[in-house]
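>>> kindly return the folded structure for what I paste below:
(one chain, ligands or ions: 1)
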Amino acid sequence: QGTMTVNEKGHLVIGGCDTVELAREFGTPLYVMDEEFIRQNCKAYYESFTGAYPNSEVIYASKAFLAIAMCNIIEEEGLGLDVVSGGELYTALKAKFPTGRIYFHGNNKSPEEIRMALEANIGRFVVDNTYEMDLLNSIAGEMNKKANILIRITPGIEAHTHEYIQTGQIDSKFGLVLSNGQAMEGIKKALGLENLILKGLHCHIGSQIFELQSYQHAAEVMMEYIQKVTAETGVEITELNLGGGFGIYYSAGDRPASIKTYATIVMETVQRKAREFNINVPKVIVEPGRSIVGAAGTTLYTIGSVKDIPGVRKYVAVDGGMADNPRPALYQARYEALVANKADQPKNDEVSIAGKCCESGDMLIWDLAVPEVEPGDILAVSCTGAYNYSMASNYNRLTKPAVVLVNRGNAELIVRRETYEDLVQNDIVPERFKKNKK
Ligand code: LLP
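Numbering: from 1, shown residues only. The predicted model follows:
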C-alpha cells in the first residue's frame, strides 16, 4: 500500500517525491504525509462500511492527525469528523467542514466548548457523564437549541493493547458503566432533559487493537444493551457508535486484519443481534484515526552525532526525537526506519537511534539494521502519521516540524515549520525585568 519506492539514486521516494530532496527543500525533522495513501484508507473505510452497508457512517478521529488541509481531504472522501476539543472543532470550522458531520467527544467539555459546538450546529455530542448532561441541557436551553446526543458507555471489555490506550474496561475515566446500572440511570436522566435528544449509544474499547473478536464482543454487548434500554424505557436507540481503535502495522509482529474484514465482522454482528432480539438495525458508526493516517506518514530526520561504544552499542542521534514522536518514550512503541539516501545499500551495521532531547529516555529505535551511516544522512522513520504531529511538544524549546503533503511528485506544505519567534510569541515580560535590558 501507499506509494513508497526507491529511485535510481537509491533514494526513498514517497508519493513520487524524492525524500532526500524533500529534506533539502523543507528541512528536517519533517513529517511527510502520503495523500494517495490517506485517500486509499478513507476509500477502504467508506466502501467497506457505507458503500456495503448504507446505514453506517465512518468518522475520522481527528486526534490522530489534524490540520486544515486534512479536514479538506476527509470532507472530500465523504467521511465525518470526530473532535474532542475546542481546538479541533475550531480547525474543522476553519476548514469549513460540514458541521452536521461533526461528532464532539470528550470527558470534560467546557461550557465554552459546548457553546461553540452548539453555535456551529454540530451533528452529535457524545456525552460522557451526567454532569455533562446537565451542562449541555442548560446551555442548549439558554441558546434555544436542542442537542442531539449519543451517550458513552463503558461496556467492560478489555482489549489487549497498551494499558494507557485501553478504554473499554470498567475502571476507566470514560463513560457510564454498563454493568452496575449507572449507564441505565444516566440514559433515563438524559431522556428527562428537555433540550437533549437521545439518538444512540457509544463505546470505544481502546486503540491499536488487532483482535477482531474484541470488536465482535463489543458489538454483541452493545446490541444486547440497546435491546434492554428499549425494553426498559420504551425509547428506540437508532444509532450505535462502536468507536475506533483498529490497529496498524508498525514493526515486525504486527498483523492487522483488513478494513474490509473488520467492517464485515462488525456489521454482520450487529445485524445478527438485531435479528436475534427482533429490533431494528441501528445506524452503525465507527471512528478510525490511526488506521487512516498512521501508515501514511513518515518522519525525515538528519543524522548528526554518531557515538560508538565498542562492544556495547552505537548511538546515532537525529535532529528530532520525543518532541516530535513521544510514542516510544510513552508507550514503548516500536518503529521501523531506513536511511533514505542509502535505501539501496546492504544493511551491514546495527545502531540505536537517539533523539536530541535532554533525557536518556529519548530513544526512537533500538537495534536498527542500517548501512554504514554518517552525519548528514537522512533517516526516514515510517508509520508516524498518527499521534506524532498531534502529540508533538516544544520540549527543550524545539520547534515543531513542518508537515508536507506529497502526491504524484508534488509536495505541498500544509503546516509550516515553527520558528523561534513562534516559541516566544506568547511570552510576556513584566516591566520590572525590562529596565536593565536596554
Ligand atoms: N474514538 C475515541 C472515542 C477515541 O478515544 C479514539 C482514540 C479513537 C476513536 C481513535 O482511535 P484510533 O482509531 O486512532 O486507534 N495516543 C495514543 C492513542 C490514543 C487514542 C485515544 N483515543 C497512541 O499514540 O497510541
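
>>> for burial, what's the neighbour tally of the nearest residue to Val281 once chain neighbours are set aside?
Residue nearest to Val281 in three dimensions, not counting chain neighbours: Ala274, with 4.4 Å by CB to CB, 6 or more residues apart in numbering. (Each C-beta comes from the backbone N, C-alpha and C, glycine too.) By other CB atoms under 10 Å, the residues close to Ala274 number 17.

>>> now do the same contact list for Ala274.
Ala274 makes contact with Met223, Asn280, Val281, Pro282, according to CB atoms under 8 Å, 6 or more residues apart in numbering.

>>> quick check, it in a helix?
Yes - per DSSP: H, G, I helix; E, B strand; the rest coil, Ala274 lies within a helix segment.

>>> and it, how far is that from Tyr387?
For Ala274, the distance to Tyr387 equals 34 Å [CB to CB, to the nearest Å].

>>> please apply the same query to Phe246.
From Phe246 across to Tyr387, the span is 14 Å (CB to CB).

>>> and for Asn394?
Asn394 sits 17 Å away from Tyr387, going by CB to CB.

>>> how about the residues of this structure by the ligand?
61, 63-64, 82, 105, 165, 204, 207-208, 243-246, 287-291, 327, 331, 386-387 (CB under 6 Å from any ligand atom).

>>> swap in 8 Å and give it another go.
Proximity of the chain to the ligand, by CB under 8 Å from any ligand atom, involves residues 61, 63-64, 82, 84, 105, 126, 152, 162, 164-165, 167, 174, 202, 204, 206-209, 243-247, 287-292, 294, 326-327, 330-331, 333, 386-387, 391.

>>> mind checking which of those are in helices?
Among those, the residues falling in helices (DSSP state H) are Arg290, Ser291, Ile292, Arg327, Leu330, Tyr331.

>>> among these, which one sits closest to Ala231?
Using CB to CB, Ser291 comes nearest to Ala231 of these, at 34.9 Å.

>>> can you list contacts of the lengthiest helix in the chain?
Looking across the chain with DSSP H, the single longest helix is helix 212-233. Residues outside helix 212-233 that contact it (CB under 8 Å, 6+ apart): 153, 155-157, 159-160, 168, 178, 183-184, 187-188, 191, 201, 203, 205-206, 209, 235-237, 240, 242-243, 257, 261-262, 265-266, 269-270, 273-274, 277, 279, 282.

>>> one step back: who's more crowded, Asn394 and Tyr387?
The neighbour comparison of Asn394 against Tyr387 (other CB under 10 Å) goes to Tyr387, with 25 against 12.

>>> wait, the more buried one sits on Leu330?
No - using CB atoms under 8 Å, Tyr387 makes no contact with Leu330, being 9.2 Å away.

>>> of all pairs in the ones in helices among the residues of the chain next to the ligand, which one spans the longest distance?
So, those by CB to CB: farthest apart are Ile292 and Leu330, at 21.0 Å.

>>> ok, the one residue in the stretch 51-200 of the chain that gets nearest to the ligand - contacts?
The minimum distance from the stretch 51-200 of the chain to the ligand, using CB to the nearest ligand atom, falls at Ala61 (3.5 Å). With CB under 8 Å, 6+ apart as the criterion, the residues that contact Ala61 are Asp82, Gly244, Glu287, Pro288, Gly289, Arg290.

>>> kindly report the same for Leu201.
Taking CB under 8 Å, 6+ apart as the definition, contacts of Leu201 comprise Leu150, Ile151, Arg152, Ile153, Met222, Tyr225, Ile226, Val229, Ile237, Glu239, Leu240, Asn241.

>>> Met184 versus the residue nearest to Val281, what's the distance?
Taken as CB to CB, the span from Ala274 to Met184 is 20 Å.

>>> would you quantify the distance from Ser305 to Leu191?
63 Å.

>>> these two - which one has more neighbours?
Set Ser305 next to Leu191 and count neighbours by other CB under 10 Å: Leu191 wins out with 14 against 11.

>>> close enough to count as contact, the more buried one and Leu198?
Yes - in this structure, Leu191 is within contact of Leu198 by CB under 8 Å, at 5.9 Å.

>>> how about the helices in the protein?
With helices called from DSSP H, the chain shows them at 19-26, 35-46, 68-76, 86-94, 111-119, 130-142, 182-191, 212-233, 259-277, 290-293, 327-331, 420-424, 431-434.

>>> deepest of the ones you listed, which one?
Highest mean neighbour count among those (mean count of other CB atoms under 10 Å): helix 290-293, with a mean of 30.

>>> re earlier: if any of the contacts of Ala274 are buried, give me the ChimeraX selection for them.
Selecting only the buried entries of those in ChimeraX, with 16 or more other CB atoms under 10 Å as the criterion:
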select :223,281,282
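
>>> now do the domain split for the chain, please.
For the chain, automatic domain parsing gives the domain ranges 4-33+295-424, 35-293.

>>> may I ask which helix or strand of the chain has the lowest mean pLDDT?
Using mean pLDDT, DSSP states H and E, helix 431-434 stands out as the lowest-scoring helix or strand of the chain, at a mean of 92.

>>> quick one, what contacts Ile414?
Shown in contact with Ile414 (CB under 8 Å, 6+ apart): Met33, Ala67, Ile68, Ala69, Met70, Val403, Val404, Leu405.

>>> again, 10 Å this time
Contacts here follow CB atoms under 10 Å, 6 or more residues apart in numbering; on that basis Ile414 touches 31, 33, 35, 67-70, 72-73, 402-405.

>>> could you find the closest non-adjacent residue to it?
Once flanking residues are discounted, Ile414 sits nearest to Ala69: 4.0 Å by CB to CB, 6+ apart.

>>> what does Arg313 give?
For Arg313, ignoring the flanking residues on the chain, the nearest one in space by CB to CB, 6+ apart is Ser352 at 5.7 Å.

>>> and the gap between the one you found and Pro288?
Ser352 is 32 Å from Pro288, by CB to CB.

>>> sorry, back to before: output the longest helix of the chain as PDB - backbone C-alpha positions only.
Coordinates of each C-alpha in helix 212-233 appear next as PDB, following Å, rounded to 0.1, in the frame of the first residue of the first chain:
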ATOM      1  CA  LEU A 212     -11.400  -8.500  15.800                       C
ATOM      2  CA  GLN A 213     -13.200 -10.700  18.400                       C
ATOM      3  CA  SER A 214     -12.900  -7.700  20.700                       C
ATOM      4  CA  TYR A 215     -15.000  -5.700  18.300                       C
ATOM      5  CA  GLN A 216     -17.400  -8.500  17.800                       C
ATOM      6  CA  HIS A 217     -17.700  -8.800  21.500                       C
ATOM      7  CA  ALA A 218     -18.300  -5.100  21.900                       C
ATOM      8  CA  ALA A 219     -21.000  -5.100  19.200                       C
ATOM      9  CA  GLU A 220     -22.700  -8.000  20.900                       C
ATOM     10  CA  VAL A 221     -22.700  -6.400  24.300                       C
ATOM     11  CA  MET A 222     -23.900  -3.100  23.000                       C
ATOM     12  CA  MET A 223     -26.700  -4.600  20.900                       C
ATOM     13  CA  GLU A 224     -27.900  -6.600  23.900                       C
ATOM     14  CA  TYR A 225     -27.800  -3.400  25.900                       C
ATOM     15  CA  ILE A 226     -29.700  -1.500  23.200                       C
ATOM     16  CA  GLN A 227     -32.500  -4.100  23.400                       C
ATOM     17  CA  LYS A 228     -32.500  -3.800  27.200                       C
ATOM     18  CA  VAL A 229     -32.700   0.000  27.100                       C
ATOM     19  CA  THR A 230     -35.600   0.000  24.600                       C
ATOM     20  CA  ALA A 231     -37.400  -2.600  26.800                       C
ATOM     21  CA  GLU A 232     -36.900  -0.600  29.900                       C
ATOM     22  CA  THR A 233     -37.500   2.900  28.600                       C
END
